[in-house]
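**Student:** make a model of this:
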Amino acid sequence: MNPSSAALINSMLGRIWSTKPIALDAGLLLIRLTVAVLMIPHGWAKFTHFAERADKFPDPLGVGSPVSLFLVISAELFCSVLLALGLFTRIVLVPLMIAMGVVVLVIHADDPVSKKEHALLFLIPYAGLFLTGPGGYSLDRLLKK
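**Tutor:** Prediction:
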């Protein structure tokens, strides 16, 4: 291997293993957008069929089915839109984590992991984003400046 090939390989490997802010910010943006865009249709479906679902929706917190449905719609739809924008990120992650936590720990408490898997696949990135923040490509970052 000639020296220029070795330098090119080292440069490519350096980029792959980089933890520089641009790579970190791009990764956080990818996670934020992915979980938000995948959750929005769940909230939208509940929102557009609110009247049909309001009386039948699970009420694990004892606040009434319509209120429970409203809270879930608020998290899944409205908080997800704000999450995609990176606006008030840590604040909007709280209702999202609570909603997914209730699904895992209450709604599917006695079910096998396969029934909890969908909610866990949202809960874990939400918790990670809560710990890291939204990254540099977010409206939160712009507001902070």
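
**Student:** pretty sure residue 29 sits against residue 139.
**Tutor:** No. In this structure, residue 29 is not within contact of residue 139 by CB atoms under 8 Å, at 11.7 Å. In short, each C-beta sits where N, CA and C put it, glycine included.

**Student:** for those two, list the residues in contact with both.
**Tutor:** Overlap of the contact sets of residue 29 and residue 139 (by CB atoms under 8 Å, 6 or more residues apart in numbering) consists of residue 86.

**Student:** and stretch 38-56, end to end?
**Tutor:** Taking CA to CA, to the nearest Å, stretch 38-56 runs 24 Å from one end to the other.

**Student:** phi and psi next, for residue 122.
**Tutor:** With angles defined as degrees, to the nearest 10, residue 122 sits at phi -100, psi -40.

**Student:** state the distance from it to residue 6.
**Tutor:** Taking CB to CB, to the nearest Å as the measure, residue 122 falls 43 Å from residue 6.

**Student:** with that, I have no additional questions.
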